[in-house]
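Colleague: Attaching a predicted model along with its sequence, questions to come.
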Amino acid sequence: MLVLRELKRRCALTLLVLLVSSLYVPTLNAQSSRSEGPRLVPIAKGWARNQVNTVIFRRNSVTTHGLSQYVAFYDSDSRVVLAKRRLGAADWQINRTQYRGNAADAHNSISIAVDGDGFLHIAWNHHNSPLQYCRSVRPGSLELEPMTEMLGSSEDRVTYPEFHSLPNGGLLFLYRDGVSGGGNLVLNRYDLKNKRWTRVQDKLIDGEGERNAYPQMAVDVKGTVHLSWVWRESHDVATNHDMCYARSADGGQTWQKSSGAQYQMPITARTAEYAWRIQPGSELINQTSMSADALGRPYIATYFRPPGELVPQYHIIYLDGERWRSSQVTHRTTPFSLSGQGTRRIPISRPQILVRSAGTRVEGFMVFRDSERGHRVSVAVTQDIIGGAWVIRDLTKGSVGMWEPTYDEAAWKKRKEIHLLIQRVGQGEGESLEDIPAQMLSILVWVPNATP
């Protein structure tokens, strides 16, 4: 009788979990991949009145170290929450930390990374504000130490902090010092042996008080750091223009153009390499994503309105080994404008690009959200970025609102699995909010075929 009662209790709990998941998690499209999945791993409910938990410039929202996966988010009370699970498991260890942030401003996202010793590093709550940074009390822990400085200089006006992992277990930390239309990029590096941060570049890219760079960075399998950016001339998003490029083979100490020519630091609008010329007023978006293949060739995902056309389209700007090229991914039909200041309520998300070398080909996976597809989680797939056709499929049936894609870079590099942080969120114009209650956050796991 005791065994029978226990079986009944477990069945009831299982049904309850399934019911709750169906209420708060977008329904999966079982036909969206002919490989493993996709499948959802629910975490917990969190703040959903704007995009702060799902903005694309979260580097990182989710990351893996060894067999442990970590996630950070704001709950409905704007408290910083950390979660951890063993890869393949459904149960999460969750810690509602002692820290809070102003979740009402979508700029104030949380960025995390794990160093080679297993310490979790976290920075949060930044929009032209003092650095808020700390790390875990010990390797593998979700308990956080008191806040501390990194270096103590150029840390009063921090925006868009990003962690990037290096092959030797160290970390890079990139952020803007200054304001939109007049800021500089600062780069720090964490040394695993000495367990301390050092300044690599006080002004990696100098806006010269007239503009600022909105970057996207990636570290390839060999440790080369790739950096691309658009310039903005004022607070108005419509003044975004051009796509530029630089790379570093020594952890950010020295920088080169794609030709190998050395940059004199800092990089400015006059000295930058222009990978693709895009005029102001082209609905060019800032802060998207980039990746690199096994040969170290960069691929940049973005969207803009081609000359003479009315509708913005997704594009991949890439280096084919000799010259820069641009490939249009979509054929959208709905026009929109990016004019204005602050966080915009945009009918499409900024895109994430993942690439995978397959012999002489490079496969591409561009993850995005589009109102034309019902605000679902969608992915454009090609067997060959250079000249291949793109096929679009949806990974969810339900809408994710104003969600933008962020993913676990370590899980992709080491396991070739796409782990996306999913949550249905709102977003008003500027920094206004939508009246949406806390929504479930989940990890969507998708293992794409070798031949989509």
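Modeller: That came through fine.
Colleague: tell me the phi and psi of residue 92?
Modeller: For residue 92, the backbone dihedrals (degrees, to the nearest 10) come out as phi -110, psi 140.
Colleague: show me the contacts for it.
Modeller: Residues near residue 92 by C-beta atoms under 8 Å, 6 or more residues apart in numbering: 43-44, 71, 83-85. No exception for glycine: its C-beta is placed from N, CA and C like everyone else's.
Colleague: May I ask which of these has the most neighbours?
Modeller: residue 71 (28 neighbours; other C-beta atoms under 10 Å).
Colleague: what is that one paired to in the beta sheet?
Modeller: Taking DSSP bridges as the rule, residue 71 bridges to residue 62, residue 83.
Colleague: you'd agree it is up against residue 422?
Modeller: No - assessed by C-beta atoms under 8 Å, residue 71 is found out of contact with residue 422, at 11.0 Å.
Colleague: Now do the strands in the stretch 201-350 of the chain.
Modeller: Assigned by DSSP state E, counting those that start in this stretch, the strands in the stretch 201-350 of the chain fall at 212-219, 225-232, 241-248, 273-276, 289-292, 298-304, 313-319, 324-328.
Colleague: Nearest to residue 352, out of those?
Modeller: Checking the strands of the stretch 201-350 of the chain against residue 352 by C-beta to C-beta gives strand 289-292 as the closest, at 4.7 Å.
Colleague: Distance-wise, check residue 224 relative to residue 381.
Modeller: To residue 381, residue 224 is 26 Å away according to C-beta to C-beta, to the nearest Å.
Colleague: burial of residue 431, as a residue count?
Modeller: With other C-beta under 10 Å as criterion, residue 431 counts 18.
Colleague: try residue 435
Modeller: 7.
Colleague: got a list of what it touches?
Modeller: Applying C-beta under 8 Å, 6+ apart, the residues near residue 435 are 49, 426.
Colleague: where in the stretch 301-450 of the chain is pLDDT low?
Modeller: The model of the stretch 301-450 of the chain has pLDDT under 70 over residues 342, 450.
Colleague: Which stretches in it count as helices?
Modeller: Along the stretch 301-450 of the chain, counting by DSSP state H, counting those that start in this stretch, helices occupy 409-415.
Colleague: anything in contact with each of residue 71 and residue 422?
Modeller: With C-beta under 8 Å, 6+ apart, residue 71 and residue 422 have common neighbours 441, 443.
Colleague: what's residue 411 in contact with, if anything?
Modeller: The neighbourhood of residue 411, defined by C-beta under 8 Å, 6+ apart, consists of 64, 69, 87, 417-419.
Colleague: same thing but at 6 Å, please
Modeller: With contact set as C-beta atoms under 6 Å, 6 or more residues apart in numbering, residue 411 has these partners: 64, 417, 419.
Colleague: Residue 266 versus that one, what's the distance?
Modeller: Residue 411 sits 34 Å away from residue 266, taking C-beta to C-beta as the criterion.
Colleague: now swap in residue 138 and tell me
Modeller: In terms of C-beta to C-beta, residue 138 sits 38 Å off from residue 266.
Colleague: Neighbours of the closest residue to residue 414 other than its chain neighbours, how many?
Modeller: Leaving out its chain neighbours, the residue that sits closest to residue 414 by C-beta to C-beta, 6 or more residues apart in numbering is residue 64, at 7.5 Å. By the criterion of other C-beta under 10 Å, residue 64 has 22 neighbours.
Colleague: Determine the three-state secondary structure at residue 64.
Modeller: strand (DSSP: H, G, I helix; E, B strand; the rest coil).
Colleague: was I right about it contacting residue 408?
Modeller: Yes - contact criterion C-beta atoms under 6 Å: residue 64 and residue 408 qualify, at 5.4 Å.
Colleague: can you tell me which residues contact residue 158?
Modeller: Contacts of residue 158 (C-beta under 6 Å, 6+ apart): 126, 131, 175.
Colleague: quick one: contacts for the second one?
Modeller: Yep, that's residue 131 we're talking about. Taking C-beta under 6 Å, 6+ apart, one finds 155, 158 in contact with residue 131.
Colleague: For it, report the pLDDT, please.
Modeller: On pLDDT, residue 131 comes in at 98.
Colleague: and it, how far is that from residue 330?
Modeller: Distance, residue 131 to residue 330, using C-beta to C-beta: 38 Å.
Colleague: Do a quick rundown of the strands in the stretch 1-150 of the chain.
Modeller: 36-46, 62-65, 68-74, 79-86, 93-100, 110-114, 120-124, 127-129, 133-135.
Colleague: Tell me which of the ones you listed lies nearest to residue 281.
Modeller: With C-beta to C-beta, the closest approach to residue 281 among these belongs to strand 127-129: 25.5 Å.
Colleague: tell me which strands and helices the closest one is in contact with?
Modeller: The contact analysis (3 or more C-beta pairs under 6 Å, 6 or more residues apart in numbering; DSSP states H and E) places strand 127-129 against no helix or strand.
Colleague: From the contacts of residue 92, pick the one nearest residue 217.
Modeller: In terms of C-beta to C-beta, no member of these lies closer to residue 217 than residue 71, at 21.0 Å.
Colleague: gap between the closest one and residue 443?
Modeller: In terms of C-beta to C-beta, residue 71 sits 7 Å off from residue 443.
Colleague: and stretch 169-184, how far from the chain's centre?
Modeller: Between the mean C-alpha location of stretch 169-184 and the chain-wide mean there is a distance of 15 Å, by C-alpha atoms, centre = their mean, to the nearest Å.
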